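J.: What follows is a predicted structure for the sequence shown.
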Amino acid sequence: MSSSDRGLPQGLLSGDALPLYTQIAGRLLDDIAEKGARPGDRLPSERALATRYGVSRVTLRSALNELAEREVIESSPARGWFLAEGYERVAPPTPPSSGSAVAQSVQGFADYAEQQGLRLRDAVLETRVRPATVQESELLRVGPGAALFEMRRLRYLDDIVVVLEHNRLPLALCPQLADTDFTKDTLFATLRRADPPQLPKVADYSVEARHPTEEERRLLEIADATPVLVATQLAFNQNGQPLELTAAAFRGDRYHFRASITG
């Protein structure tokens, strides 16, 4: 364990690595943007891409399918993969000004509480600014050692503890994170006030069930065999740039995951 990881709950650390194919999808998207590619441009062959990123064809195909689901790329039988018209929506050429109105499609925990008429309370366990680890730099697409804002907190609904949350964000996207009192303000509201606003638009999300660690048992007030559901989320802003890496350990008896799946 690196020095920057000391004191963090082991359960969250073990759950915050996104699948390899998702990481490869992010690297491919970065390379596409760096080359100034445009809709209709053809991607290198699957064999060439698998060799470039050092992964199997199976992993590479999963990464391509993930980008296809986001409408970034599309396949043509016997011709390969091409950038789709949707690519411009993932990576628009210019960010909106602070006065622009952009719809937000990733819902925060505070937004959910407000919609449900529940009273939200946060107990902040730790906030700090520290250098990004190599793994974090790859996921958030920042340089190794770049300044990250990190926060650990317990979140309550109507004074009932629901989740232990671990957030990491590139400080450069919203410097005011370091000076915000998150017992009185919310993370998403702070991001919306940034200049330019940082609006979570899409996220990669995974959930796994496991036994809680001793620290999770204590903090989440688990006294029986209740499992935790660990949700890992990598949220992207309106420019397709990684904005927030979060690992959240929910009490299994106080969390319900629901999603719409389209074909």
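T.: Noted; the coordinates are in hand.

J.: Please count neighbours and contacts with C-alpha atoms only from this point.
T.: OK.

J.: Quick one: name whatever helix or strand follows the helix or strand bottoming out on mean pLDDT in the chain.
T.: Here the helix or strand of the chain ranked lowest by mean pLDDT, DSSP states H and E is helix 10-15, holding a mean of 38. Using DSSP states H and E, the helix or strand that directly follows helix 10-15 along the chain is helix 20-34.

J.: And that following helix, what's buried?
T.: Neighbour counts using 16 or more other Cα atoms under 10 Å place 21-29, 32 of helix 20-34 among the buried residues.

J.: for the residues you listed, which one is nearest residue 203?
T.: Ranked by distance to residue 203 (Cα to Cα), those are led by residue 22 at 11.0 Å.

J.: ok, now how distant is residue 194 from residue 142?
T.: 19 Å (Cα to Cα, to the nearest Å).

J.: ugh, wrong one, residue 21
T.: Distance from residue 21 to residue 142, by Cα to Cα: 19 Å.

J.: ditto for residue 245
T.: With Cα to Cα as the criterion, residue 245 and residue 142 are 12 Å apart.

J.: Show me which of those two is the more surrounded one.
T.: Shown here are residue 245 and residue 142; by other Cα atoms under 10 Å, residue 245 has more neighbours (24 against 18).

J.: per-domain residue ranges of this protein.
T.: For the chain, automatic domain parsing gives the domain ranges 20-90, 102-254.

J.: most neighbours per residue, which of these?
T.: Of all the domains of the chain, domain 102-254 carries the top mean neighbour count, a mean of 18, counting by mean count of other Cα atoms under 10 Å.

J.: among the domains of the chain, which gets the worst mean confidence?
T.: Ranked by mean pLDDT, the domains of the chain bottom out at domain 20-90, with a mean of 83.

J.: With distance to residue 84 as added columns, please give the buried residues of helix 20-34 in JSON lines.
T.: Shown next, in JSON lines, are the buried residues of helix 20-34 (distance: Cα to Cα, whole Å):
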{"residue": "21", "distance to residue 84": "20"}
{"residue": "22", "distance to residue 84": "19"}
{"residue": "23", "distance to residue 84": "20"}
{"residue": "24", "distance to residue 84": "18"}
{"residue": "25", "distance to residue 84": "15"}
{"residue": "26", "distance to residue 84": "16"}
{"residue": "27", "distance to residue 84": "17"}
{"residue": "28", "distance to residue 84": "14"}
{"residue": "29", "distance to residue 84": "12"}
{"residue": "32", "distance to residue 84": "12"}
